[in-house]
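Enquirer: Test case, fold it:
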Amino acid sequence: MSDPAPDHDERLRGLWAGAGEMGTRMRALDWSRPSLGAPADRPQGLRSAISICLHSRFPIAIYWGADLALLYDDAWSPILGEKHPWALGRPGREVWPEIWDRIAPLFERVTRGGEGVWQEDELLPMRRHGYTEECCFNFTFSPILDESGRVGGVFNAVVETTYRVIGERWTRVLRLLAERTAGGRSMAEVCDAATATLREAGADLPFALLYLLAEDGGEARRAAADWPLARVAGRPACGLGMSAAPPGAGRRAPAGS
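Expert: Just a heads-up that it's a prediction; the model follows:
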């Protein structure tokens, strides 16, 4: 990180002082970019929002100007993953191309209509660690007004809920598996109930295979296969009762394994 440029305006000192890593990075930011402009020349609303953002321990970001240039605090930086600190001061579209089609309409509701937005457990397929991952958030987009009353930017407070959402989803699947298989009167009924339940969990299970072990444990027989298995395996999915033992299934596992 480059050495911070000196503050030429005493009004800016309160923005950076005690504001952590992002305070230092914002102080070193090239504020001459057209989408930003020097903080001292920006509306009081923006300077107040930056001050709140930088001195908060809550994840907060600001999208400013026509390009929705991104500014954020220390607590918000993990949301970016490997895009931090590269994303600081860059246009929102450039930072989030993979989800722009989803969030651009929300920004427009704020910037054009002056309407605040609240999204709960919003699913956003983000690419922040080199691969696309399922991410969920509770967040708000709120207008930041300038002295003329026009919307100059968007205030973003956010909490990531990915782990809770996925955890609740899996807890539901496990509960339904227990409930629906408990009444099975045969292994076939149990496998059918399990397969039907797992089919509903397509967000987490693209396909599933169920195998039954022989009583002596020496052979495994495919009991059920479902949904896009034919595309995954490259062959028709086996139905209930069709034998298709996996490699090594006919061999007993070593004792103690």
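Enquirer: The stretch 101-250 of the chain: helices as residue ranges?
Expert: Secondary structure of the stretch 101-250 of the chain by DSSP state H, counting those that start in this stretch: the helices cover 162-181, 187-199, 229-233.
Enquirer: Out of these, which is the most enclosed?
Expert: Comparing the helices of the stretch 101-250 of the chain by mean neighbour count (mean count of other Cβ atoms under 10 Å), helix 187-199 comes out on top with a mean of 17. Yep, even glycine has a C-beta here, placed from its N, CA and C like the rest.
Enquirer: For Phe137, find the nearest of the helices of the stretch 101-250 of the chain.
Expert: Closest approach to Phe137 among the helices of the stretch 101-250 of the chain (Cβ to Cβ): helix 162-181, 7.8 Å.
Enquirer: Show the pLDDT at Arg109.
Expert: pLDDT, Arg109: 96.
Enquirer: Likewise for Gly239?
Expert: 34.
Enquirer: ok, now which ones touch the residue nearest the centre of the chain?
Expert: Centroid-nearest residue in the chain, with Cα atoms, centre = their mean: Cys135, separated by 1.8 Å. Going by Cβ atoms under 8 Å, 6 or more residues apart in numbering, Cys135 touches 123-126, 128, 160, 162.
Enquirer: Columns mean pLDDT on top of the helices of the stretch 101-250 of the chain, output as a markdown table?
Expert: Converted to a markdown table, the helices of the stretch 101-250 of the chain look like this (pLDDT from 0 to 100):
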| stretch | mean pLDDT |
| --- | --- |
| helix 162-181 | 94 |
| helix 187-199 | 88 |
| helix 229-233 | 43 |
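Enquirer: Understood, closing this out.
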